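S.K.: predicted model follows, preceded by the sequence.
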Amino acid sequence: MGTPTPSPLSEVRRSAVARATRWLPFELLVALRFLREGRMQSVLILAGVTGGVAVIIFLTQLINQLQSSIIDRVLGSQAHVVIRPPEEINRSPAAAGTGTPPLPATTLVQPRAQRLRSVDQWQQVRELAAQTPGVLAVSPLVTGPAFAVRGLGSKSVALMGVDPEAYRRIVKMDGYMTQGRFALQGTSTLIGTELAKDLGLAVGDKLRVTTAAGTSETLHIGGLFDTGNRDLNRRWVFVTLALAQTLLDVPGGVSQIDLTVTDLFGAEAVANTLAARTGLTVESWMQTNSGLLTALSNQTVSNNLIRSFVVIIVALGISSVLVVSVVQKQREIGILRAMGAGRGRIMAIFLMQGGLVGLVGSALGSGLAFALLQVFSRIYKSPDGSALFAAELEPELVLMAAVVAIGVGLAAAALPARRAARMDPVQAIRS
């Protein structure tokens, strides 16, 4: 039988491949040849890297978005840092310096009841806070307990005296308004939807508030808001700063100063700085929401552990496959060494295999992670029907995953590459 004549199409294809590979470096050309010859091994190792990268990107993006959503929901209705007057404490006569003998150790000292007080020299404190590095916005606030009364209905509420222009920089109240605008003047008030439901109120109705001191005022409802927190919707009653000062008997004063900072997780440092400079009680959201902070930290630690284990598993998979490849390619390696290829070139061939697997696996893994985000964002919804997280990838995260995958591929290929470079060409060919 004669030798079959190659078809024109196959000749064209071979010519195209020859032209494409003519400009490739020797090491890269051999690395691609080895990967193509061990197709099943290459597919398996590539699937492992793709899955590992997809898990890392998907979990990181998911946890980051969920944490951001939780922080936005919790801190969306509260200040990052709050400045208050120092608490009043009882002092023993000896501590007061009267010369009276100290009280017996068995004496019980009752805690002193705290009364509503103004921040001393609050205008200067406000200016000092505004000039502190890291502070984004400052808003004075007068808040205290009161009763909201309409007919026979009565509810315990928190009277909130604010400057609307300053307070909307602390809490994005404009986005919470369901009726009316976040604006106050005279005896107008803004109340939550739950309080309006409890007392049967609507925009334009009148509401009477009475404080513990017996001061009362009839307010005109100018709008309703919904913060997403039923307790706040049932308790908050916004009035002007001047009216709250009168009703709560804090003439010209404020009970606290709310701050927003540029870096959420730097709020504690800002609070410590202001506490040292003012001598007042300064609390950050990290103190008042310590349980939330602990939960976020635990989530981050869990995510880091999962990513570390995935990276280790992927590295072991790449290394084991390349070790098998070195054993299978002993004859080829010996021939290359006999043809003059140095140890550095042999090492470069296997290092390139690991790098190529990491590069291609990171690209495929990013696509798989994006597909997973698309699917899960449509399955899991918030109670209000909105998406629990956005199906999007951050470019920085994809770049980080690619760098990690390539680095892991190179590190995993280092041991097999070194073993291949140390082979004796004669022994390799004989075996």
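M.R.: Perfect, I can see it now. Here the structure is a predicted model, which means the values were calculated and not measured.
S.K.: distance between stretch 401-411 and the chain's centre?
M.R.: Put simply, stretch 401-411 sits 25 Å off its chain's centre (C-alpha atoms, centre = their mean, to the nearest Å).
S.K.: give me the buried positions along it.
M.R.: Judged by neighbour count (16 or more other C-beta atoms under 10 Å), stretch 401-411 contains these buried residues: 401-402, 404-406, 408-411. For glycine as for every other residue, the C-beta is placed from the backbone atoms N, C-alpha and C.
S.K.: show me these that map onto helices.
M.R.: Residues of these located in helices (DSSP state H): 401-402, 404-406, 408-411.
S.K.: and these, which is closest to residue 345?
M.R.: Residue 345 lies nearest to residue 410 out of these, by C-beta to C-beta, at 16.1 Å.
S.K.: can I assume that closest one is in contact with residue 350?
M.R.: No - at 9.9 Å, residue 410 and residue 350 do not qualify as touching, with contact defined as C-beta atoms under 8 Å.
S.K.: tell me which element the closest residue to residue 292 other than its chain neighbours falls in.
M.R.: Using C-beta to C-beta, 6 or more residues apart in numbering and skipping residues adjacent in sequence, the residue nearest residue 292 is residue 74, 5.9 Å away. Using DSSP states H and E, residue 74 sits within helix 39-75.
S.K.: tell me what that helix is packed against?
M.R.: When contacts are defined as 3 or more C-beta pairs under 8 Å, 6 or more residues apart in numbering; DSSP states H and E, helix 39-75 packs onto helix 290-328, helix 343-379, helix 395-421.
S.K.: at 10 Å what do you get?
M.R.: Where contact means 3 or more C-beta pairs under 10 Å, 6 or more residues apart in numbering; DSSP states H and E, helix 39-75 is packed against helix 26-37, helix 285-288, helix 290-328, helix 343-379, helix 395-421.
S.K.: residues contacting the shortest one, please?
M.R.: Under the criterion C-beta atoms under 10 Å, 6 or more residues apart in numbering, residues 71, 74-75, 78-82, 261, 264-269, 271, 292-293 lie in contact with helix 285-288.
S.K.: if you set the cut-off to 7 Å instead, what comes out?
M.R.: With C-beta atoms under 7 Å, 6 or more residues apart in numbering as the test, helix 285-288 has contacts from 75, 78, 80, 267-268, 293.
S.K.: next, the buried residues of it.
M.R.: 285-286.
S.K.: number the chain from 45, please
M.R.: Let's use 45 as the start, then, which means that last one is helix 329-332.
S.K.: let me see the mean pLDDT of it.
M.R.: When pLDDT is averaged over helix 329-332, the result is 86.
S.K.: using PDB, list the CA coordinates for it.
M.R.: Extracted C-alpha coordinates of helix 329-332, given in PDB (Å, rounded to 0.1, in the frame of the first residue of the first chain):
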ATOM      1  CA  TRP A 329     -19.700  52.100  66.400                       C
ATOM      2  CA  MET A 330     -17.100  49.500  67.000                       C
ATOM      3  CA  GLN A 331     -17.800  49.800  70.800                       C
ATOM      4  CA  THR A 332     -21.600  49.900  70.500                       C
END
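S.K.: so how far is it off the chain centroid?
M.R.: The chain centroid and the centroid of helix 329-332 are separated by 16 Å, computed with C-alpha atoms, centre = their mean.
S.K.: how long is stretch 253-265 from one end to the other?
M.R.: Length of stretch 253-265, first residue to last, C-alpha to C-alpha, to the nearest Å: 12 Å.
S.K.: list the buried residues for it?
M.R.: Buried residues in stretch 253-265, counted by 16+ other C-beta under 10 Å: 253, 255, 261, 263, 265.
S.K.: so what strands line up beside the helix or strand containing the third one?
M.R.: Read it as residue 261. Assigned by DSSP H and E, residue 261 belongs to strand 260-269. The pairing partners recorded for strand 260-269 under DSSP bridges are strand 221-223 (antiparallel), strand 232-236 (parallel), strand 250-255 (antiparallel).
S.K.: what would these look like in CSV with distance to residue 76 and mean pLDDT?
M.R.: Below are those laid out as CSV (distance: least, C-beta to C-beta, whole Å; pLDDT from 0 to 100):
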stretch, distance to residue 76, mean pLDDT
strand 221-223, 62, 93
strand 232-236, 66, 94
strand 250-255, 77, 92
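S.K.: just say which of those is most tucked in.
M.R.: The highest mean neighbour count among those, using mean count of other C-beta atoms under 10 Å, belongs to strand 232-236: a mean of 24.
S.K.: pull the CA atoms of the helix or strand just after that strand into CSV?
M.R.: Downstream of strand 232-236, the first helix or strand assigned by DSSP H and E is helix 237-243. Output in CSV follows, covering the C-alpha atoms of helix 237-243 (Å, rounded to 0.1, in the frame of the first residue of the first chain):
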residue,chain,number,x,y,z
THR,A,237,-44.2,54.6,59.5
GLU,A,238,-44.7,52.3,62.5
LEU,A,239,-45.5,55.1,64.9
ALA,A,240,-47.9,56.5,62.3
LYS,A,241,-49.6,53.1,62.0
ASP,A,242,-49.8,52.7,65.8
LEU,A,243,-51.5,56.1,66.4
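S.K.: buried stuff in helix 237-243?
M.R.: 237-240, 242-243.
S.K.: also stretch 69-81?
M.R.: Within stretch 69-81, the residues scored as buried using 16+ other C-beta under 10 Å are 71-72, 74-76, 78-79.
S.K.: equivalent analysis for stretch 182-189, please.
M.R.: Buried, per 16+ other C-beta under 10 Å, within stretch 182-189: 182-188.
S.K.: residues in contact with it?
M.R.: Residues from elsewhere that reach stretch 182-189 (C-beta under 7 Å, 6+ apart): 160, 166, 170, 173-174, 200, 202-207, 210-211, 213-214, 255-256, 285, 288-289, 292, 294, 298-303.
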